[in-house]
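**Student:** Everything below, folded, please.
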Amino acid sequence: MKIKHLLLAGLTAFVAGSALTGSAAQNKVLRKESDWASIEYPSDWSAGSVLEVKVTPKAAIGEGMSVICELHWMKKDGYGGYLSWTAPVPAKAGETIVFKHKPTSKAGMFKIDAMCYYAPTDSFSFDNAISRIHCEVIAHEAGTGGTAGKDPGVAAAKPLYPDPPQGITWKKSSIWFVGSNGPVANGDKVEATFGYYLDPSETWGDKPTSIMCMPLGPWIDNPDGQVNKNRMHVNYTSLNVQHKEVKPGEGRITYTWTLREAQRYNSLFFLCQFKRPDGKAWPWDWRGGHLEITRPNEKFNIVAAADGGMFFGDEIPAVNFVWGKNRTTEPRQVEITLRNISGKEVLTRTVLVDPKKNTHRIELDGIAERGTF
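**Tutor:** Numbering: from 1, shown residues only. The predicted model follows:
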């Protein structure tokens with residue numbers, strides 16, 4: 001039996017925190033730092049009060065940009081819905097922008113996602129956002145503790161849509177993947193097409209059923225506890241969640257995005273879910289499909305010459321030196337250093353690479369130690 005050896009692997013990810021409710025609001029001011037802004041926001045919010053978010057742009061944001069802060073509410077088991085919006089404000093490095101919201105309490109509200117992002121002023125939209133930052137705020141009922149939406153002093157909301165008919169099983173309809181347009185790179189249009197069958201008995205009333213599509217980035221199953229602290233999907237912020245209305249019967253729908261942040265390591269598949277006419281999610285979702293994403297390559301890349309950097313025990317590990325679009329015009333000597341997980345140097349190799357040849361395979365024979373799994 002052959003054993004595969006691990007040569008190179010790695011993922012970079014942001015960490016999304018989690019929240020719990022049920023205690024009194026502490027009203028602490030939290031801060032998030034990014035390359036383009038400093039953001040201050042409250043740790044807690046009580047129903048009926050103002051929620052204030054302060055955004056201070058940094059020089060990296062550049063000129064001709066505007067900033068916005070949107071609020072979305074979350075249930076314990078997932079997304080609740082849109083909550084509040086402010087007009088975009090032109091960004092100036094070092095000048096703090098104060099966004100004030102007075103959101104309405106929602107039944108079942110668990111926490112609030114204060115989403116701040118920036119985009120070009122002359123073409124400002126959610127889809128054109130260059131970077132987004134999510135700030136989680138714990139939601140409380142009016143007074144001291146408990147979740148918002150259960151406050152005895154808040155009148156219960158009247159049903160806005162009739163309940164589903166008796167006997168619905170949510171098992172007669174289906175979703176499947178048709179295809180995507182990869183490979184794609186930074187700046188490219190992304191298209192993903194899905195087929196569906198919506199049984200007429202599983203939709204009702206005068207509003208349509210819709211299908212939500214959520215692109216899911218690389219999955220971190222075994223976090224290292226330092227850089228990656230949670231099991232999660234790495235988010236492609238430009239590939240946002242989208243909803244499209246569908247009619248009963250069989251059909252196809254296509255979702256489109258513009259990719260703005262291809263990474264060194266990429267993978268992507270999709271989560272789709274029917275949404276009822278009353279806005280609630282179906283009890284199941286579909287996950288699958290794929291999109292091939294090309295990693296950025298300006299001058300050159302060095303990548304393992306095997307999927308996942310894994311080689312069979314009788315193979316000589318190797319890397320591919322791949323010239324980028326801004327390559328030099330003359331041959332160059334390249335020194336490649338291989339280190340183990342502890343940072344110890346285990347091999348150094350110097351080779352000559354000619355830009356006339358796009359890819360050079362460089363074998364790394366002589367490695368004294370290897371990791372296996």
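
**Student:** gap between the two ends of stretch 210-222?
**Tutor:** End-to-end span of stretch 210-222 (Cα to Cα, to the nearest Å): 34 Å.

**Student:** hmm, who's touching that stretch?
**Tutor:** With Cβ atoms under 8 Å, 6 or more residues apart in numbering as the test, stretch 210-222 has contacts from 11, 13, 175, 192, 194, 196, 228, 230-236, 239, 241-246, 253, 255, 257, 265-275, 281, 287, 291. The way it works is simple: take the backbone N, C-alpha and C, and place the C-beta from them, glycine included.

**Student:** Buried among the residues you listed? Make that a PyMOL selection.
**Tutor:** Of the contacts of stretch 210-222, the buried ones go into a single PyMOL selection, burial set by 16 or more other Cβ atoms under 10 Å:
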select buried, resi 11+13+175+192+194+196+228+232+233+234+235+236+239+242+246+253+255+257+265+266+267+268+269+270+271+272+273+274+275+291
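
**Student:** who's in contact with residue 247?
**Tutor:** 198, 208.

**Student:** Quick check: the gap between it and residue 201.
**Tutor:** 14 Å (Cβ to Cβ, to the nearest Å).

**Student:** same deal with residue 133?
**Tutor:** For residue 133, the distance to residue 201 - Cβ to Cβ - is 43 Å.

**Student:** more crowded one of the two?
**Tutor:** The neighbour count for residue 133 versus residue 201, taken as other Cβ atoms under 10 Å, is higher for residue 133 (20 against 14).

**Student:** dump the residue contacts of that one.
**Tutor:** 32, 34, 37, 39, 115-117.

**Student:** Let me have the residues you listed in JSON lines, adding pLDDT and neighbour count as columns.
**Tutor:** Shown next, in JSON lines, are the contacts of residue 133 (pLDDT from 0 to 100; neighbours: other Cβ atoms under 10 Å):
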{"residue": "32", "pLDDT": "91", "neighbour count": "15"}
{"residue": "34", "pLDDT": "87", "neighbour count": "15"}
{"residue": "37", "pLDDT": "92", "neighbour count": "24"}
{"residue": "39", "pLDDT": "95", "neighbour count": "21"}
{"residue": "115", "pLDDT": "93", "neighbour count": "18"}
{"residue": "116", "pLDDT": "94", "neighbour count": "25"}
{"residue": "117", "pLDDT": "92", "neighbour count": "23"}
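
**Student:** ok, those vs residue 66, which is closest?
**Tutor:** Nearest to residue 66 among these: residue 117, at 9.8 Å, using Cβ to Cβ.

**Student:** What distance do you get for the closest residue to residue 43 other than its chain neighbours to residue 309?
**Tutor:** Using Cβ to Cβ, 6 or more residues apart in numbering and skipping the chain neighbours, the partner closest in space to residue 43 is residue 28 (4.1 Å). According to Cβ to Cβ, residue 28 and residue 309 sit 43 Å apart.

**Student:** Residue 200 now?
**Tutor:** Taken as Cβ to Cβ, the span from residue 200 to residue 309 is 50 Å.

**Student:** For those two, indicate the residue with more neighbours.
**Tutor:** residue 309 (17 against 11).

**Student:** Could I get the full set of strands for the stretch 51-200 of the chain?
**Tutor:** Using DSSP state E, counting those that start in this stretch, the strands found in the stretch 51-200 of the chain span residues 51-57, 65-75, 78-84, 89-90, 97-101, 111-120, 131-140, 174-180, 189-198.

**Student:** can you pull the contacts of residue 93?
**Tutor:** Residue 93 touches 57-59, 61, counting by Cβ under 8 Å, 6+ apart.
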